[in-house]
Every structure is written in structure tokens, then in C-alpha cells.
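Student: Quick one: sequence plus predicted model below, questions after.
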Amino acid sequence: MQTTKIPATIVTGFLGSGKTTLMRHILQEAKGLRVAVIVNEFGELGIDGEILRTCAIGCREEGGADAPEGRIYELANGCMCCTVQEEFFPVMQALAERRADIDVLLIETSGLALPKPLVQAFQWPEIASAFTVDSVVTVVDTPATAAGQFAHDPHAVDEQRQADPNLDHEASLHELFEDQLSAADLVVLSKVDLVSPAELARVRALVAGEVPAEVKMVEAEQGRVPLSVLLGQQRAAEAHIDERHSHHDHDEDHDHDAFDALHIDLGAVDRERLLQALQAIVQQHAVLRVKGFAALPGKKMRLLVQGVGRRFDAYFDRAWTAGEAPATRLVFIGQGLDAERLRTALAAAEA
């Protein structure tokens, strides 16, 4: 039985900072390493799981008989630090069961996730027994920071923040920037080929003022940083993360305990009636998010459903696999939710 803990590298940074490029570089250069990946998507934003699947790294969706061993885990439900109690834990349990098959775990957070709560989740006994945080890598968009914006597209970042009810809408981008740096064990200054030496020096000085002296900065073009620098830092970040100050240490608005999460299982449903029922539910109940998948009569594809507020997306993400019974499962996140009332509201959607 393997007793060595799996080292996890957490990659954080604003939307557009270069996290995806860095992740792709790691996966393309991880020759011989067995890598498990957790990617955190929010609607159309965040890292692109489909891009990662083209990296020739041997990752596959489960069920491919001829594919090499591996798996990409996508948490397509927003800010990861707001979902650790609801979805992150079972994913980590599943990975722990396969610990003998994994050399490295990579976790990419959403562009507005606060890394500190995620690192603190590695203190939970069930996770601590199998994993350790090798390091937190914070990616800084060098040209944007030099321009005083901290993100390449501040408007897109603000749209993402406003769309997610669990995020702090009032904190400035500067505060969020500082919080992402506060957890860093390594800072990657991305896109350095797009700034002048004077601008780069200015960004280095700004970042140096936000991180402890022992936190190193490395410069990157196209995410190219040696794996010997990125991986194997052995920082055990979960052991000292509580000592790192952040603006949200006492933020009651980020209290996970204030929300309920429950799931409803159904059979096949009519797509339009399902979306109509969900629209009615979010108007009549304190539902913040809806996510899940649905089976449609006569369709061989699974319908992925995601909703934040009153905005819903539904699209076919993959075919039902051999031996997988088509079914509908929807997860509701909100306050004071009643499973039976939700089930009754969804009854009209069943085919």
C-alpha cells in the first residue's frame, strides 16, 4: 500500500493571466509523469478542458477502452473555493482511491477564486492522509499589472464576479490580486515579452511588496517555466496557510455554511419544459446555482445544464457511455431549500 502523499500544485491567477497556457506547458512537458487534473470552469470562462484534452498527455474520459490511463476532472460550477464542501471533496476521495496511479495533481482555480480556502481544505483529515499542497503558483499578468489593471480584461473579470452570487462583489481588483498573492509559494510573471524592461521592473517591485521575501518570482513567455521550478517544491502549504493574511479572512459573505446543496434525480425530461421549470424555480426559491445533467428521450447524448441566477446554459457534452443508464440529476445550491418542493416543481418537465 502506497503511503507517500500525492503532491498537489494549485495554479491561481486572474482570468486571462496565462493560467491555461501554463497548465498546457506543464502537461506537454510532463513526460512520464502520471498527472491528474482538476480544472475549474465558470460558464464560458476559465480553463478550457477541451484544449487540455488535445495536449497528448494520456488523459481521457472514463470509459475509453483503448485510451491510456488518466482522467481530467472538471468542476464546472464556479468558484472552487465555494464548492470544496459540495464537489471537491468527493473528487479528492476518488483520486485518493487511485493514489498508486498518480504522481502529481494539478488544480486550476477560477479567475476569481481565493486560494486560501482551497489550501485549507487540504487540512481535512480525509484529504491530508493522501495529499499535500506541493505549492501554490500564482500567475500574474505582467502587461496588465504594469498598466495598473491587474487583469488583461477588467470588464470580463467584473462580469464574472457579478455573475457569481458567492463572490465578493465589493472588493476591489487590487484586494483580490493581493489575496491571490498572499497564498503564493511561487509567482509566475507571464507575458514578459510584451513589456519593457522598465515595466517589468515596476511589476517585480509591486509583487515583491505583496509577498514574503522567500517567495520567488520567475518570468515566463508562453507559459514556459521549467518543470523543475514549478513542481517538487515540497512546501506543504497547508501546514502554514493559516498564517497567511488575506482580505477575506473574516468575510462572512464567503461563509460556506450559509448555503444548502441538494440534488434531485429524475428520469428522462423534455428540454424546454425543464428549462421553463428551472426558470420558475429560481424566481420562487432562494436558489443561487443549478448544475447537473439530463437525459432526453431518444437522445444518445447527455445534456449538461448550468445556471447562475436566472441565466441558464444547456448543451450536449458527451454521449452516454456503455453500461451507463441515461438519467437526470440536478444539483441546487441556495438557502432554505426544500427537496420535495423542488421535486414537485420539476414534475412537469418529465417526459
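Tutor: Structure's in. What do you need? Residues are numbered from 1 along each chain as shown.
Student: only C-alpha atoms for contact and neighbour calcs from this point on.
Tutor: Will do.
Student: Gly292 is in contact with Arg302, correct?
Tutor: No: if you go by CA atoms under 8 Å, Arg302 and Gly292 don't touch, sitting 10.1 Å apart.
Student: For the stretch 51-200 of the chain, which segments count as strands?
Tutor: 72-75, 104-108, 131-141, 186-190 (DSSP state E, counting those that start in this stretch).
Student: how about those, which one is nearest Glu178?
Tutor: When the strands of the stretch 51-200 of the chain are compared by CA to CA, strand 131-141 sits nearest Glu178, at 10.6 Å.
Student: now the angle from the closest one to strand 104-108?
Tutor: On the basis of axes from the mean of the first three to the mean of the last three CA atoms, to 10 degrees, strand 131-141 is oriented at 40 degrees to strand 104-108.
Student: circling back to that earlier point, could you dump the strands of the stretch 51-200 of the chain into JSON lines and include mean pLDDT, mean neighbour count and distance to Glu199?
Tutor: JSON lines is the format used below for the strands of the stretch 51-200 of the chain (pLDDT from 0 to 100; neighbours: other CA atoms under 10 Å; distance: least, CA to CA, whole Å):
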{"stretch": "strand 72-75", "mean pLDDT": "64", "mean neighbour count": "19", "distance to Glu199": "36"}
{"stretch": "strand 104-108", "mean pLDDT": "89", "mean neighbour count": "22", "distance to Glu199": "27"}
{"stretch": "strand 131-141", "mean pLDDT": "93", "mean neighbour count": "26", "distance to Glu199": "12"}
{"stretch": "strand 186-190", "mean pLDDT": "94", "mean neighbour count": "25", "distance to Glu199": "12"}
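Student: Distance check, Met92 against Arg244.
Tutor: 24 Å (CA to CA, to the nearest Å).
Student: Then Pro117?
Tutor: 11 Å.
Student: Any stretches of this protein with poor pLDDT?
Tutor: For the chain, applying pLDDT under 70 flags the ranges 1-3, 15, 40-87, 110-113, 150-174, 245-261, 288-289, 308-311, 335.
Student: If we use 50, what do you get?
Tutor: 1, 42-48, 51, 54-70, 77-79, 82-83, 166-170, 247-248, 250-258 (pLDDT under 50).
Student: tell me, which helix in it spans the most residues?
Tutor: Secondary structure of the chain per DSSP state H: the longest helix is helix 271-284.
Student: For it, buried residues please.
Tutor: Residues 271, 273-275, 277-279, 281-282 are the ones in helix 271-284 that count as buried (16 or more other CA atoms under 10 Å).
Student: How about stretch 202-219?
Tutor: Buried, per 16+ other CA under 10 Å, within stretch 202-219: 203-204, 207-208, 210-211, 217, 219.
Student: now what about that stretch, what contacts it?
Tutor: The contact list for stretch 202-219 (CA atoms under 8 Å, 6 or more residues apart in numbering) reads 142, 145-146, 178, 181-182, 184-190, 192, 225.
Student: May I ask which two of those are separated the most?
Tutor: Using CA to CA, the contacts of stretch 202-219 span at most 22.6 Å, a distance reached by Glu178 and Val225.
Student: Gln222 - that's part of a strand, no?
Tutor: No: secondary structure of Gln222 (DSSP: H, G, I helix; E, B strand; the rest coil): coil, not part of a strand.
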